[in-house]
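> Mind looking at a prediction? Sequence and model below.
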Amino acid sequence: MSVRTASINLRYVDSQTVAVSLDETVTKQDLRDLLEVFGAADVAASGQLSQGTADAVASVGQTSAAVPDLLAQAAGIKSIDDAPISPAFQRTRPLLQHEIFNMYHSEHELLRYIYRLQSRDLSLTTSMIPLGSCTMKLNATTEMIPVTWPEFANLHPFAPLHQAQGYHAMFRRFERDLCEITGFDAASLQPNSGANGEYAGLRTIRQYLISKGEGHRNVCLIPVSAHGTNPASAMMAGMEVVVVKCDADGNLDFADLKAKAEQYKDRLAAVMITYPSTFGVFELGVRNVCELVHSYGGQVYLDGANMNAQVGLCRPGDYGADVCHLNLHKTFCIPHGGGGPGMGPICVKSHLAPFLPSHPVLPTGGEASFGPVAAAPYSSASILAISYAYIRMMGTRLVAKRARGLLVSRGAKRALPRCTWGRVRGTCRLEGPEARHADGAPQRQLHAQAPRKVLRHSVH
């Protein structure tokens, strides 16, 4: 039996070594097949076993399914089905002893219990959403269903390419869609979070500068209006962070940016900006910012945390950015919260494409890459089906319509010529007279009815 006919994948480390991964899904029959693939019958007939075992193998025939059991007996085990579990992994206490496992003895009682648990969940059906305002709140069932399909859910990240052609077709199409939406030339799906995308984008910039003989450029300018993870990502990428001021309204202080760029002109590597900013400001001079940094030899990293306000209306690659990461939970519908899984793909202009993250097991990324940023070559690939389905079903026209709706409903500040200050709808901070308890201590929480009242007006 060959590995292909047995439907077994092995990792070929080198010409003399293979690696095998076994987990809780492996059955005893899988072990039998694996022994046969490795030539258990040949070993049994090679004279390396006791005469009694060799005679037993000869009596049943070298291709018999009984050969693995005979080998197990040679190791002092009755059969492969009786192979003992290592004491280190054996349970020492009885199973399912909590009272909850012994309370419900009929289907309707169990269903009522499950429904009671569900009713305790905080969601849009009962209150304000508990997640951050940037997270998309509703994920269509049609987008979610493919995640349950075994063809997506059960494929190993390192499966040979010929076994994952459908997956890779989806990767290629999704990368093209992201590039079309953002105005960039190439993409990497490897980063598995927004922060990981920031790190990957900055490492890509660093590798590009090193390739030009400008590895000494390590200063990253970051406005105080940038996303909070930006400084940490820059420092992890080996850069020195220099903060740029903003005015009282959240506008980037262009004069301070120019002064800092001039001060560090020989070491300037990049600027990180969030557009629109965390303050909710769409910088009218964003193109000027990009041109200024480029004139001093730096690259422009655009944090795509708020990309959902741009999709279909403007593209970072068109107004001067060199690299941008995208939070799929913020713009392209994957669920988020409770620890993931997440994805933070990055898109880059053509001059940065050769330096995109690579992977040692499956060929991906640029030919001059700095290496991988995640264990899997395509991150949490199964949830990518959600974003893929969303874009395929919405199309760029409807995605743009959704972005316009976001801007109008949130009264975006100087977003586009048609958007002006208006009623704040969407993300805002509510402030009111400070209430006090009877003992005089301040009570900073709004009235319990506030969440439901503001939710009726599309605020979250």
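Here it is on my side, so go on.
> and residue 322, how many neighbours?
26 (other C-beta atoms under 10 Å). Yep, even glycine has a C-beta here, placed from its N, CA and C like the rest.
> what's the answer for the one 10 residues further on, then?
When neighbours are defined as other C-beta under 10 Å, residue 332 has 28 of them.
> Make sure residue 234 is indeed in a helix.
Yes - under DSSP: H, G, I helix; E, B strand; the rest coil, residue 234 sits within a helix.
> With residue 274 as the reference, measure out to the closest residue to it other than its chain neighbours.
Counting by C-beta to C-beta, 6 or more residues apart in numbering, residue 220 is the residue found nearest to residue 234 once chain neighbours are left out, at 4.2 Å. Using C-beta to C-beta, to the nearest Å, residue 220 is found at 14 Å from residue 274.
> returning to that earlier point: residue 305 versus the residue nearest to residue 234, what's the distance?
On the measure of C-beta to C-beta, residue 220 and residue 305 end up 17 Å apart.
> just the strands in the stretch 201-350 of the chain please.
219-223, 240-244, 268-274, 299-304, 323-326, 346-348 (DSSP state E, counting those that start in this stretch).
> Tell me which of these lies nearest to residue 160.
When the strands of the stretch 201-350 of the chain are compared by C-beta to C-beta, strand 346-348 sits nearest residue 160, at 26.0 Å.
> who touches that closest one?
178-179, 182, 184-188, 191, 197, 200-201, 204, 317, 322-326, 356 (C-beta atoms under 8 Å, 6 or more residues apart in numbering).
> Filter these down to the buried ones and express that as a ChimeraX selection.
Only the buried entries of the contacts of strand 346-348 go into this ChimeraX selection, using 16 or more other C-beta atoms under 10 Å:
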select :178,179,182,184,186,187,188,191,197,200,201,204,317,322,323,324,325,326,356
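> Wait, a strand at residue 13?
Yes - using three-state DSSP, the assignment for residue 13 is a strand.
> just checking, it touches residue 19?
Yes - using C-beta atoms under 8 Å, residue 13 makes contact with residue 19 at a distance of 5.5 Å.
> middle-most residue in the protein, spatially?
When the chain is reduced to its mean C-alpha position, the nearest residue by C-alpha atoms, centre = their mean turns out to be residue 343, at 1.7 Å.
> That residue contacts residue 187, doesn't it?
No - with contacts counted by C-beta under 8 Å, residue 343 stays clear of residue 187, the gap being 11.5 Å.
> overlap in contacts of those two?
Here residue 343 and residue 187 share no contacting residue, scored by C-beta under 8 Å, 6+ apart.
> how about the residue nearest to the centre of the chain, what does it touch?
189, 191-193, 328, 334, 379-380, 383-384, 387.
> can you list the domains in this protein?
Annotated domains of the chain cover 11-84, 148-389 [automatic domain parsing].
> how about those in JSON lines, adding distance to residue 118 and mean pLDDT?
Shown next, in JSON lines, are the domains of the chain (distance: least, C-beta to C-beta, whole Å; pLDDT from 0 to 100):
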{"stretch": "domain 11-84", "distance to residue 118": "28", "mean pLDDT": "67"}
{"stretch": "domain 148-389", "distance to residue 118": "15", "mean pLDDT": "91"}
